[in-house]
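A.B. asks: Structure here, sequence nowhere to be found:
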């Protein structure tokens, strides 16, 4: 192969200011993490609320949550992103629209759109996991809590949710990792996260293979280290007495 | 909102949908084929082969699909030129298809593996007691049963792939989403076309997943 491999390319100047290519990757990783973490917090809060709603006996509330899940699971992420970035700002009241389009920097408006998009998208998935976790608990838990005189809110807060969350850590972990991978769609609305920086490096330096190999390695390492952290947390909070909980 | 331009846009949208569906069908077929091969490697007793397959799966499952699509778009023509020694024009369709097959194979592999492992060990022993080779017992006894069990999961993964094909937008392939976007720009109604595209994706995915749910109920008595 007469491809000119050169791993030193990352330490070379980009020709813009005194930046080297590695700086671009670091900045990209920063945006990727910022998008994923903000989106995840949003998704976890909304998803838990929806998950609880789905298990309530009230038909309207659980129906509402079901409709949400079906809507957000059956439209491609990219379509949702375009809707949040291109369409929704036009529907806002005028002062808000002007603020979004003129006052915010392009990076900030793209960031806001992608965080809202990923948050709502992932919330539908979190909702399903939370519901599964709650439904996996023995019925006796709710009955016992009722017999003790707890109200519905208390039952969820003090009995069901603390156990459900501990059971569903493995599937939540994979959703958590997914949000990092999904954040790469932000590159398509101009946010300079990891994938966008990789593309830019490939084009500027003409070292395509090195750039994409490094990006792959970063995603891979990020994924593996997050997984190890989550495994440790999972072990620490495992519910004693369950098969997964060991002793 | 003014949806008057939609009827005139239908032929262009249908053309885009055909590209999407072709990508989906070929992607699923190739992905299941490569995935099954990987699953058999992962379950083989040769630690080297099992290790290679496991690394492949872990690798593709930890990187974004969009990264793979972008990378292959640049890399496939380059690699082909290295192999054949001349410029071989490769369209975005071919490079996207390769990306989908290789990426989805990692996910299909895990489904097939779980399917094979759910078959009682006695089936394999019985097949071998009848004098079948490993390949024969896999092909004639284990895989047919495993595939029946995992059909719902394979279909669900295919619905996900149907939605993910929209990512080819990033390399300019005229799939359904891209057709809707460019049509919207031409007629000056990007919002309406985007909403229609979203609605179509929703209807297809929703209807398909309801059918899969029904199938799943029928398969699990």
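C.D. replies: Now that the structure is in, tell me what you want to look at. What you see is a predicted model, and the numbers here were worked out from it, not measured in a lab.
A.B. asks: chain center to the longest helix seen in chain A, what's the gap?
C.D. replies: Taking DSSP state H as the criterion, chain A has its longest helix at helix A:21-55. Helix A:21-55 sits 4 Å away from the centroid of its parent chain (CA atoms, centre = their mean, to the nearest Å).
A.B. asks: With stretch A:234-245 instead?
C.D. replies: Using CA atoms, centre = their mean, the offset of stretch A:234-245 from its chain centre is 25 Å.
A.B. asks: Same question for stretch B:193-212.
C.D. replies: 17 Å.
A.B. asks: Flag every buried residue along that stretch.
C.D. replies: The neighbour-count check on stretch B:193-212 (16 or more other CB atoms under 10 Å in any protein chain shown) flags B:193-198, B:200-202, B:204-206, B:208-209, B:212 as buried. For every residue, glycine as well, the C-beta is placed using N, CA and C.
A.B. asks: Quick check: buried residues in the helix or strand just after the longest helix of chain A?
C.D. replies: Remark: after helix A:21-55, the chain's next helix or strand is helix A:59-73, criterion DSSP states H and E. Residues A:62, A:65, A:68-70, A:72-73 are the ones in helix A:59-73 that count as buried (16+ other CB under 10 Å).
A.B. asks: between those residues, which is nearest chain B?
C.D. replies: Proximity of those to chain B (CB to the nearest CB) peaks at residue A:70, which lies at 6.1 Å.
A.B. asks: contacting residues for that closest one?
C.D. replies: Residues near residue A:70 by CB atoms under 8 Å, 6 or more residues apart in numbering or on different chains: residue B:206.
A.B. asks: what secondary structure does residue B:30 sit in?
C.D. replies: Following DSSP: H, G, I helix; E, B strand; the rest coil, we place residue B:30 in the helix state.
A.B. asks: Excluding chain neighbours, what is closest to it?
C.D. replies: Nearest non-adjacent residue to residue B:30, counting by CB to CB, 6 or more residues apart in numbering or on different chains: residue B:101, 3.6 Å away.
A.B. asks: these two touch, right, that neighbour and residue B:25?
C.D. replies: No. Applying CB atoms under 8 Å as the test, residue B:101 and residue B:25 come out as separate, 11.7 Å apart.
A.B. asks: more neighbours, those two?
C.D. replies: residue B:101 (20 against 11; other CB atoms under 10 Å in any protein chain shown).
A.B. asks: does the more buried one sit in a helix or strand, and which one?
C.D. replies: In this assignment (DSSP H and E), residue B:101 forms part of helix B:92-117.
A.B. asks: Distance from that helix to the middle of the chain?
C.D. replies: For helix B:92-117, the distance to the chain centre is 6 Å (CA atoms, centre = their mean).
A.B. asks: Give the rounded mean pLDDT of it.
C.D. replies: Averaged across helix B:92-117, pLDDT comes to 94.
A.B. asks: same thing with stretch A:65-84?
C.D. replies: Mean per-residue pLDDT for stretch A:65-84: 97.
A.B. asks: now stretch B:44-55
C.D. replies: 93.
A.B. asks: End to end on stretch A:49-66, go ahead and measure it.
C.D. replies: By CA to CA, to the nearest Å, the extent of stretch A:49-66 from end to end equals 12 Å.
A.B. asks: Now do it: everything it contacts.
C.D. replies: A:68-69, A:123-124, A:126-131, A:133-135, A:152, A:156, A:161.
A.B. asks: which among those gets closest to residue A:89?
C.D. replies: Within the contacts of stretch A:49-66, proximity to residue A:89 (CB to CB) peaks at residue A:123, which comes in at 21.0 Å.
A.B. asks: low-confidence ranges in the chain?
C.D. replies: Picked chain A for this. Applying pLDDT under 70 to chain A flags residues A:1-2, A:243-247.
A.B. asks: That was the other one, I meant chain B.
C.D. replies: Short version for chain B, where the test is pLDDT under 70: B:221.
A.B. asks: how about the residues of it near chain A?
C.D. replies: With CB under 8 Å from any CB of the partner chain as the criterion, chain B meets chain A at residues B:59, B:62-67, B:70-71, B:74-75, B:78, B:82, B:163-164, B:166-167, B:169-170, B:177, B:181, B:190-191, B:194-195, B:197-198, B:201-202, B:205-206, B:209.
A.B. asks: Where helices are concerned, which of those count?
C.D. replies: Those of the residues of chain B next to chain A lying in helices (DSSP H): B:59, B:65-67, B:70-71, B:74-75, B:78, B:82, B:163-164, B:177, B:181, B:190-191, B:194-195, B:197-198, B:201-202, B:205-206, B:209.
A.B. asks: For chain A, which residues are neighbours of chain B?
C.D. replies: Residues of chain A lying near chain B (CB under 8 Å from any CB): A:1-3, A:70-71, A:73-80, A:82-83, A:86-87, A:90, A:177, A:181-182, A:184-185, A:187-188, A:195, A:198-199, A:202, A:208-209, A:212, A:215-216, A:219-220, A:223-224.
A.B. asks: ok, 7 Å please
C.D. replies: For chain A, the contact set with chain B under CB under 7 Å from any CB of the partner chain comprises A:1, A:70, A:74-76, A:78-79, A:82-83, A:86-87, A:90, A:181, A:184-185, A:188, A:195, A:199, A:202, A:208, A:212, A:215-216, A:219-220, A:223-224.
A.B. asks: Now tell me what touches stretch B:93-102 from outside.
C.D. replies: B:23, B:26-27, B:30-31, B:34, B:60, B:68-69, B:72-73, B:76, B:161, B:168, B:171, B:173 (CB atoms under 7 Å, 6 or more residues apart in numbering or on different chains).
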